[in-house]
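Student: please find the sequence and the predicted model below.
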Amino acid sequence: QVQLVESGGGLVQAGGSLRLSCAASGGTFSGYVMGWFRQAPGKEREFVAAISWGGIRTYYADSVKGRFTISRDNAKSTVYLRMNSLNAEDTAVYYCAAKETNMAVTTRSYDYWGQGTQVTVSS
């Protein structure tokens with residue numbers, strides 16, 4: 001059983017940057033694909049980015065490609081999401097998630113979820 005705790009959210013002006021962190025415990029972190037998702041008010045939870053076990057492969061939603069970077073430090077059991085050039089449409093609760101085996105972009109594919117961290121971008 002994996003426990004995930006996100007941190008690093010907050011209020012930022014449009015054009016600014018934030019780095020989210022997600023610390024994992026209770027499992028073999030290096031054995032999990034890690035993903036970031038987000039959910040804006042009144043909208044469904046959507047995929048943002050994913051990273052493979054060793055960090056070699058990454059995948060991004062078109063809406064964040066070129067602005068966001070996912071990375072991981074297996075020694076620290078932590079996955080990061082660096083977010084640059086933020087805009088109001090990025091306002092959401094951001095969740096990290098973990099799954100075994102293959103990369104995936106759907107919420108139902110992930111087995112473990114954190115509680116989320118709020119990101120608010122002011123225009």
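Tutor: It's in.
Student: quick check, pLDDT for residue 101.
Tutor: pLDDT, residue 101: 85.
Student: listing partners with orientation, what would you give for whichever helix or strand residue 38 is part of?
Tutor: Residue 38 belongs to strand 33-39 when elements are defined using DSSP states H and E. Strand pairing for strand 33-39, determined by DSSP bridges: strand 46-51 (antiparallel), strand 92-99 (antiparallel).
Student: counting by contacts, list what the helix or strand just after the last one packs against.
Tutor: The reference is to strand 92-99. Scanning forward in sequence from strand 92-99 by DSSP H and E, the next helix or strand is strand 112-113. Here strand 112-113 touches strand 3-7, strand 92-99, going by 3 or more Cβ pairs under 8 Å, 6 or more residues apart in numbering; DSSP states H and E. Every residue, glycine included, has its C-beta placed from N, CA and C.
Student: at 6 Å what do you get?
Tutor: If you count contacts as 3 or more Cβ pairs under 6 Å, 6 or more residues apart in numbering; DSSP states H and E, strand 112-113 packs onto strand 92-99.
Student: distance from the chain centre to the strand it packs on, please.
Tutor: Relative to the centre of its chain, strand 92-99 is centred 5 Å away, using Cα atoms, centre = their mean, to the nearest Å.
Student: one more: stretch 2-12?
Tutor: That offset, for stretch 2-12, works out to 9 Å (Cα atoms, centre = their mean).
Student: can you tell me what sits against it?
Tutor: Residues outside stretch 2-12 that contact it (Cβ atoms under 6 Å, 6 or more residues apart in numbering): 18-27, 86, 96, 98, 112, 114, 117-121.
Student: at 8 Å what do you get?
Tutor: The contact list for stretch 2-12 (Cβ atoms under 8 Å, 6 or more residues apart in numbering) reads 18-27, 29, 32, 86, 94-98, 111-122.
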